[in-house]
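A.B. asks: Starting from these lines, generate the structure:
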Amino acid sequence: MQRKAYVSGVAALLAAVLAGCTGSSDSGGPSDNSNPGSAGKATQAAQPGRYATLPEPCGVVDPRTLDELLPGIGEMTDESKREKAYAGEATLTYDTDRKVGCRWKVESAEATDHLLIDFERVVSYDNAVSDDAQAGQLFATKRSEADLPEPVVTSTDSAPPSTEAATGPSSAPSSASPSSASPSSASSSSASPSGSPSAAPSDLQPRVLEELGDEAFLDDGLDSAGSTAQQRTVTVAFRTSNVIVTIEYAEQPMTVGAVPDSKEMQDRARKLASELADSLSG
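C.D. replies: Residues are numbered from 1 along each chain as shown. Below you'll find the predicted structure:
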């Protein structure tokens, strides 16, 4: 009977020791909690961008859109030359997963048109910065380099003078003022189709674009090619998630002194940008 009691006592002692070890393991919880903390940091790593690949740039533009952008294609009678014109030429790239592009050049009886499309997929190598955020930073730099004018200057300043003229205290000056201003405004409106940068309406100035990708802007400039006709280049750039798309559309008339129409070129470039944005989101 004594031996049995001794064995029971030893068993109770072992149970107490085991319970103590278990308690010390529980009390070491804070050291274990550091692991969940580090795991939490891992789960907080920035997410990758939406796009892991890029489209084939020379095949992404609808032929009907190319007909509008490059009117000279319709004038081609040689079938093989026409097919080559539609096909475009891929730009040089060393990583088609990160950057691709295509260019077209077509001459017509009236002008030579150039089109360049560039796709760039941005990847962040910083776990704290997402691909989208990195692309946003690069796009902000691109927009800053475009040196766009302030968007509110022309739109807000043009409205008050007409209001004051309409509500002026003297009817004679107000009637004289519009008549004297009409020739200048008429010449301004007649000059804008010719693309005069000083007479361009505010809605044709370089500006930020709404409802195109996550963010977008348009640039428009004239370059003199020596003594020949002026070349107009319209650039539309937009970002969708971690992909930045840039369109450069240029036209140089064959006639010396002629200036490409700003509105027409901007409308064409914006239409192409919308089509590319839709193809990316599709």
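
A.B. asks: Now do the contacts for residue 241.
C.D. replies: Residue 241 sits next to 49, 50, 51, 131, 132, 135, 214 when contact means Cβ atoms under 8 Å, 6 or more residues apart in numbering. In this view, the C-beta of every residue, glycine as well, is placed from N, C-alpha and C.

A.B. asks: So the fifth one sits against residue 242, correct?
C.D. replies: Yes - with contact defined as Cβ atoms under 8 Å, residue 132 reaches residue 242; the gap is 5.4 Å.

A.B. asks: re the thing from before, least confident pick among the contacts of residue 241?
C.D. replies: Of all the contacts of residue 241, residue 49 has the smallest pLDDT value, namely 90.

A.B. asks: list the contacts for that one?
C.D. replies: 121, 122, 123, 130, 131, 132, 135, 241, 242, 243.

A.B. asks: swap in residue 237?
C.D. replies: When contacts are taken as Cβ under 8 Å, 6+ apart, residue 237 is in contact with 139, 142, 143, 146, 216, 217, 219, 244, 245, 246, 247.

A.B. asks: Can you select the buried ones among the contacts of residue 241 for me in ChimeraX?
C.D. replies: To isolate the buried subset of the contacts of residue 241 in ChimeraX, counting by 16 or more other Cβ atoms under 10 Å, use the following:
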select :49,51,131,132,135
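
A.B. asks: Dump the contacts of residue 241 into JSON lines; add secondary structure and distance to residue 208 as well.
C.D. replies: Below are the contacts of residue 241 laid out as JSON lines (DSSP: H, G, I helix; E, B strand; the rest coil; distance: Cβ to Cβ, whole Å):
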{"residue": "49", "secondary structure": "coil", "distance to residue 208": "22"}
{"residue": "50", "secondary structure": "coil", "distance to residue 208": "22"}
{"residue": "51", "secondary structure": "coil", "distance to residue 208": "23"}
{"residue": "131", "secondary structure": "helix", "distance to residue 208": "22"}
{"residue": "132", "secondary structure": "helix", "distance to residue 208": "19"}
{"residue": "135", "secondary structure": "helix", "distance to residue 208": "17"}
{"residue": "214", "secondary structure": "coil", "distance to residue 208": "12"}
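
A.B. asks: can you redo the contacts of residue 241 as a markdown table with distance to residue 78?
C.D. replies: Converted to a markdown table, these look like this (distance: Cβ to Cβ, whole Å):
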| residue | distance to residue 78 |
| --- | --- |
| 49 | 43 |
| 50 | 42 |
| 51 | 38 |
| 131 | 45 |
| 132 | 46 |
| 135 | 42 |
| 214 | 42 |
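
A.B. asks: okay, and for the protein, where does confidence drop off?
C.D. replies: 1-44, 151-202, 225-228 (pLDDT under 70).

A.B. asks: Look at residue 219 and give its secondary structure.
C.D. replies: strand (DSSP: H, G, I helix; E, B strand; the rest coil).

A.B. asks: Also residue 124?
C.D. replies: Residue 124 is classified as coil under three-state DSSP.

A.B. asks: now it, nearest residue through space, not along the chain?
C.D. replies: residue 134 (3.8 Å; Cβ to Cβ, 6 or more residues apart in numbering).

A.B. asks: Isn't the one you found up against residue 123?
C.D. replies: Yes - counting by Cβ under 8 Å, residue 123 is a contact partner of residue 134 at 7.5 Å.

A.B. asks: Settle it for me: which of those two has more neighbours?
C.D. replies: Neighbour count, other Cβ atoms under 10 Å: between residue 134 and residue 123, residue 134 has more, with 18 against 14.

A.B. asks: List the residues that contact the more buried one.
C.D. replies: So residue 134 contacts 122, 123, 124, 126, 242 (Cβ under 8 Å, 6+ apart).
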